[in-house]
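Engineer: structure for this input, please:
(one chain, ligands or ions: 1)
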Amino acid sequence: MTDCLFCRIVDGEIPADIVVESDDVIAFRDIAPKAPVHVLVVPRAHHANVAELADASPALLARMAQVAREVADAECGGEFRWIFNTGASAGQSVFHVHGHVLGGGELGWEPA
Ligand code: AMP
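Structural biologist: This next block holds a predicted model:
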C-alpha cells in the first residue's frame, strides 16, 4: 500500500534503522523510543492490526514472535515486553501491524 508508512519502510522507500531483516519480517528501531530498547517488529505483508493478522496468517504472527525473541536475545538478555496497540483509542497510529519490543531496563507499568 503506497500510503502506508511501514509498507514504504519495508520497500526501502523510507530509511529506517533496521536490526533484523528476513524474507517475511523486518525489525527496526522506533523513531521515538519509550525504553532503552524499543524496536518495531513488522511483517512485510500489509495487515492492519494484530487481530486481522491472527485471522489471516497465524504462522506469520508466530514468525513475528520469533523475530521479537531474536531482537530481545541480542539486545536485552531475552527479557522484553511485546505490545500491539490495536485501534486508534488504544494508541495505534500506524495501521500496518507491528509489535513493539521494549526492554533494556526495569520497565514501569502505566498503560493508561
Ligand atoms: P503505534 O502508535 O502503536 O501505531 O506505533 C507506531 C510507532 O511507530 C510509534 O512508536 C512511532 O514512534 C513509530 N514511528 C513512526 N514513524 C516512524 C519511522 N519513520 N521510523 C521508525 N518508527 C516510526
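
Engineer: so how far is the longest helix seen in the chain from its chain's centroid?
Structural biologist: Determined from DSSP state H, the single longest helix within the chain is helix 58-75. Computed by CA atoms, centre = their mean, to the nearest Å, the separation of helix 58-75 from the middle of its chain amounts to 9 Å.

Engineer: identify the bridge partners of the closest residue to Asp30 other than its chain neighbours.
Structural biologist: Distances taken as CB to CB, 6 or more residues apart in numbering place His38 nearest to Asp30, at 4.3 Å, with adjacent residues excluded. Backbone N, C-alpha and C define where each C-beta goes, glycine included. As for beta bridges, His38 partners with Leu102 under DSSP bridges.

Engineer: could you pull out the helices for this structure?
Structural biologist: Under DSSP H, the chain gives helices at 5-10, 50-56, 58-75.

Engineer: got the residues of this structure near the ligand?
Structural biologist: By CB under 6 Å from any ligand atom, the residues of the chain that approach the ligand are 5, 14, 16, 28, 30-32, 40, 85, 91-94.
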